[in-house]
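In: Could you work out the structure for the sequence below:
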Amino acid sequence: MGEAPVCGPAGGCESVASSEYSTVLGIPVAAFGLGLSLVLVACAFAWWRRADRRPLLLGYGLLLLATVVAAYLTYLELFVIHAICVWCATYAITIVLSLALSGLALRRG
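Out: Next up is the predicted model:
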């Protein structure tokens, strides 16, 4: 919407959101995260409804890729932009926890 993100007292979101790394091909990185989240919810729902492992495997693979991307973006925040976005860090933690939970689900069968 063209406004700075609300970040609370910690600050940093404005710096991250206005950096050159906040978009890929003109699309905000957050839009990719939202798209990923929607696909992951669809995978979880399909796995739950059908008891089919394929959606779980797809979700796990996407989460592996998302973990690598989240690690890279966190590196950029810490060492290049020198600002921490609370929303970004929370999302990265959520991705890693989701990867662990889907790994447990795959292991249990």
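
In: Which stretches in this structure count as strands?
Out: Using DSSP state E, the strands of the chain run over 23-24, 27-28.

In: Switch those strands over to JSON lines; also include mean pLDDT, distance to residue 34 and mean neighbour count.
Out: In short, each C-beta sits where N, CA and C put it, glycine included. Compiled in JSON lines, these are given as follows (pLDDT from 0 to 100; distance: least, Cβ to Cβ, whole Å; neighbours: other Cβ atoms under 10 Å):
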{"stretch": "strand 23-24", "mean pLDDT": "94", "distance to residue 34": "14", "mean neighbour count": "12"}
{"stretch": "strand 27-28", "mean pLDDT": "94", "distance to residue 34": "9", "mean neighbour count": "11"}
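
In: of these, which approaches residue 76 most closely?
Out: strand 23-24 (12.3 Å; Cβ to Cβ).

In: neighbours of the residue nearest to residue 52 when sequence neighbours are not counted, just the number please.
Out: In space, and not counting its chain neighbours, residue 52 is closest to residue 46: 6.9 Å by Cβ to Cβ, 6 or more residues apart in numbering. Residue 46: 16 surrounding residues under other Cβ atoms under 10 Å.

In: And residue 46, how close does it get to residue 40?
Out: Using Cβ to Cβ, to the nearest Å, residue 46 is found at 11 Å from residue 40.
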